[in-house]
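S.K.: have a look at this prediction, sequence included:
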Amino acid sequence: MTALTNQQILEQLNSLKSWIYVNNSISKEFEFKDFIQAMAFVNSVALEAEKMDHHPDILIYGWNKVKINISTHSAGGVTEKDFQLAKKIEERIK
């Protein structure tokens, strides 16, 4: 899988709400009503990521916040697969 160019990444970010391109990955922070909802979200993301065999970095902080960073380490940057996972994650919060 080939890393996307900066221009391609920025264009694809337009289709995602509040995702940013930082430190060679795409990233978003989520806030939930409570710890249980945050953990349920993390578990649903884990299941989707496992199905795709594509695993994001997930940080749980505070008591209700989750930060997700996605990149393809083997490609050295952001790929189409990263955007596919980000879209699947977005479906989890609708």
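M.R.: Looks like it came in fine. Treat the numbers as computed from the prediction; the structure is a model and nothing was measured. Numbering: from 1, shown residues only.

S.K.: hey, where'd the helices end up in this structure?
M.R.: Counting by DSSP state H, the chain has helices at residues 6-13, 35-52, 80-92.

S.K.: would you turn those into CSV with mean pLDDT?
M.R.: Listed next are those as CSV, based on pLDDT from 0 to 100:
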stretch, mean pLDDT
helix 6-13, 97
helix 35-52, 97
helix 80-92, 96
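
S.K.: of those, which is nearest Ile20?
M.R.: helix 6-13 (7.2 Å; Cβ to Cβ). Backbone N, C-alpha and C define where each C-beta goes, glycine included.

S.K.: buried sites along the closest one?
M.R.: 9, 12-13 (16 or more other Cβ atoms under 10 Å).

S.K.: what's around the closest residue to Arg92 other than its chain neighbours, how many residues?
M.R.: Leaving out its chain neighbours, the residue that sits closest to Arg92 by Cβ to Cβ, 6 or more residues apart in numbering is Ser44, at 4.9 Å. For Ser44, the neighbour count with other Cβ atoms under 10 Å is 15.

S.K.: turn the helices of the chain into CSV, including distance to Asn64.
M.R.: Formatted as CSV, the helices of the chain follow (distance: least, Cβ to Cβ, whole Å):
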stretch, distance to Asn64
helix 6-13, 25
helix 35-52, 5
helix 80-92, 16
